[in-house]
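[1] Below is the structure, and that's it, no one-letter string:
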């Protein structure tokens, strides 16, 4: 065992002394040492309860014959960091999380890992760490929160609080009603109740095979969530015994399964960043174009909030992710012989699954759309690609042509939206918010939620080199690459330039002649980094690559 480097032989007497100081028995050191990576903190509702999950995991590890040893990693709440300078940090901390897991694991020679996370960047950061280290690993999430209710209608953080701000500003909602919604939108701990980035990644972990069935949908408050955590603790012991490694599980075929699931459920556009980054750590060649290739084939068979009215709890009641995977298998969209953390194949895991509610999970013969939830657009504005969650775009906005309203930051765009400077037909352009330009590629949930809340989501488009929350709906196109700070054409757009969006034909263009583009390039200068020299963000801006490659660090 790897841990014998720490615990065996006369030369390791000092090491054992240190372990005995914490109450470990000599017998404990004869067992596999399992790192329990706990992202618990008291600032993220999705992580507030993770100590309970960790306790259940440790019971499972002990029952399976291992010695659980817990250590923490950081986590930032995207919702709390939204629409201020704090949003520069969530994506950039994905790399910090992976690095810290590497450091703790290599420094202490764990034999296996159980990774306990839940929210947006923590999940991919943990899976990146597992793929990089390639020692037996299981991921277990804290589960989604339950939905709230307002005037008999189901609400969550996005359809409730965020969009209520836009409704209040437009005069459609009173201050008292806004207050009522904010107290009811998030009624329990857990990752936010819709199919936003956290729940998308927790669901895709099932298709990747690195998490147990049920990981994506069992609600946080339920006893079944703690049962799943115990099973994760038992599962890691089998993986250690049989030396089944993350790269045995997260193969190229498994990533194709995850992308197919993503398209079928209409998941967050941020998955294009995170799956590329995890694949990079697994030393696999996965490209942005492959998302679009799969999206053109796989039908969209669920409409979970923000694309529809259903919640993750509804999806769980309808059969969960296993039922979706089983339905996709019928259409030949899944590769079912991939191995998973259960020790069985994906096909074996889902063989008894079935759709229990066709209003939540449709049959592939009767999809919401023939194509998947995400589309990759290209054109002179996005030579290397841009991303849109097409499953959350109204039919009348799948094609749009309008004048650019140009802003060099999220804040200036948000202020313009709230002060009613944006009108029907406009294309809001937010630039210098990419991985380098942000730095950190901020989410644009506040502007997009304000647009939706003000009733403009069926007449106003938004494009950016930043990114969007999984809760964003409407014609919002992000990840434009090359980004403005790298001299991409988005940096050269002027107020009133005509922008043409054609999602069906995967096109994103600005109507400028090549001569005009070349003339504008002559007057463009790269702006200085927004981050203060010496800070983590400054170092991040120097190392991070394009969104089209997952915003990973360059090979130094």
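    Perfect, I can see it now. Computed from a predicted structure; not experimentally measured.
[2] For residue 85, grab the count of nearby residues.
    13 (other C-beta atoms under 10 Å). Using the backbone N, CA and C atoms, a C-beta is placed for each residue, glycine as well.
[3] Revised request: answer the last question for residue 527.
    12.
[4] Can you tell me the SS state at it?
    For residue 527, the assignment made with DSSP: H, G, I helix; E, B strand; the rest coil gives coil.
[5] dump the residue contacts of it.
    432, 437, 485 (C-beta atoms under 8 Å, 6 or more residues apart in numbering).
[6] what's the answer for residue 444, then?
    410, 413, 430, 433, 462, 464, 466-469, 472, 476, 478.
[7] Now intersect those with the helices, please.
    Among those, DSSP state H puts 410, 413 in helices.
[8] Include pLDDT, distance to residue 214 and neighbour count when you put the contacts of residue 444 into CSV, please.
    Shown next, in CSV, are these (pLDDT from 0 to 100; distance: C-beta to C-beta, whole Å; neighbours: other C-beta atoms under 10 Å):
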residue, pLDDT, distance to residue 214, neighbour count
410, 92, 36, 24
413, 95, 40, 27
430, 97, 38, 27
433, 96, 36, 30
462, 96, 35, 27
464, 97, 35, 31
466, 96, 33, 30
467, 94, 28, 31
468, 88, 28, 28
469, 81, 25, 29
472, 79, 27, 30
476, 94, 31, 29
478, 97, 31, 29
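[9] what stretches of the protein score poorly on pLDDT?
    556 (pLDDT under 70).
[10] List the residues that contact the spatially most central residue of it.
    Centroid-nearest residue in the chain: residue 197, 3.5 Å away (criterion: C-alpha atoms, centre = their mean). Contact analysis of residue 197 by C-beta under 8 Å, 6+ apart lists 78, 120, 268, 270, 271, 274, 469, 470.
[11] Look up how far residue 501 lies from it.
    Counting by C-beta to C-beta, to the nearest Å, the gap between residue 197 and residue 501 amounts to 23 Å.
[12] related to what we said a few turns ago, and of the contacts of residue 527, the nearest to residue 354?
    residue 437 (47.2 Å; C-beta to C-beta).
[13] ok, residue 467 touching residue 441?
    Yes: the criterion here is C-beta atoms under 8 Å, and residue 467 meets it with residue 441 at 5.2 Å.
[14] For PyMOL, write the select line for the buried members of the contacts of residue 527.
    To isolate the buried members of those in PyMOL, using 16 or more other C-beta atoms under 10 Å:
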select buried, resi 432+437+485
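[15] any chance of the contacts of residue 527 in a markdown table, with distance to residue 329 too?
    A markdown table is the format used below for these (distance: C-beta to C-beta, whole Å):
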| residue | distance to residue 329 |
| --- | --- |
| 432 | 44 |
| 437 | 42 |
| 485 | 43 |
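[16] which one of the contacts of residue 527 is nearest residue 453?
    Using C-beta to C-beta, the contacts of residue 527 come closest to residue 453 at residue 432, 25.2 Å.
[17] which residues sit in contact with that closest one?
    Residue 432 neighbours (C-beta under 8 Å, 6+ apart): 408, 409, 438, 465, 483, 484, 485, 491, 527, 530.
[18] do that again at 7 Å, thanks
    408, 409, 484, 485, 527 (C-beta atoms under 7 Å, 6 or more residues apart in numbering).
[19] One more: residue 349?
    Contacts of residue 349 by C-beta under 7 Å, 6+ apart are 213, 322, 340, 342.
[20] what secondary structure does the first one sit in?
    For residue 213, the reduced secondary structure class is coil; criterion used: three-state DSSP.
[21] didn't it look like it was pressed against residue 207?
    No: between residue 213 and residue 207 there is no contact under C-beta atoms under 7 Å: 10.3 Å.
[22] of the two, who's got more company?
    Applying other C-beta under 10 Å to residue 213 and residue 207 shows that residue 207 carries more neighbours, namely 31 against 21.
[23] for the more buried one, what are its contacts?
    257, 258, 261, 325.
[24] Most neighbours among those residues, which one?
    residue 258 (29 neighbours).
[25] list the buried ones in the host helix or strand of it?
    Using DSSP states H and E, residue 258 maps to helix 252-265. Within helix 252-265, the residues scored as buried using 16+ other C-beta under 10 Å are 254, 255, 256, 257, 258, 259, 260, 261, 262, 263, 264, 265.
[26] mind listing what residue 282 touches?
    Per C-beta under 7 Å, 6+ apart, neighbours of residue 282: 131, 247, 250.
[27] would JSON lines of those with neighbour count be doable?
    JSON lines is the format used below for the contacts of residue 282 (neighbours: other C-beta atoms under 10 Å):
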{"residue": "131", "neighbour count": "25"}
{"residue": "247", "neighbour count": "17"}
{"residue": "250", "neighbour count": "29"}
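[28] just the helices in the stretch 51-200 of the chain please.
    Listed in chain order, the helices of the stretch 51-200 of the chain (DSSP state H, counting those that start in this stretch) span 78-81, 90-108, 122-133, 163-169, 175-184, 197-208.
[29] Please name the nearest non-neighbouring residue to residue 251.
    residue 338 (6.2 Å; C-beta to C-beta, 6 or more residues apart in numbering).
[30] same question, residue 265
    residue 302 (4.8 Å).
[31] ok, how many other residues are close to residue 532?
    There are 8 residues near residue 532, going by other C-beta under 10 Å.
[32] isn't it right next to residue 439, touching?
    No: using C-beta under 7 Å, residue 532 is not in contact with residue 439, being 11.0 Å away.
[33] quick one: stretch 65-79 to chain centroid distance?
    18 Å (C-alpha atoms, centre = their mean, to the nearest Å).
[34] Span of it from start to end?
    39 Å (C-alpha to C-alpha, to the nearest Å).
[35] could I get the contacts of residue 197 as a markdown table with distance to residue 11?
    Formatted as a markdown table, those follow (distance: C-beta to C-beta, whole Å):
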| residue | distance to residue 11 |
| --- | --- |
| 78 | 46 |
| 120 | 44 |
| 268 | 49 |
| 270 | 47 |
| 271 | 47 |
| 274 | 42 |
| 469 | 52 |
| 470 | 50 |
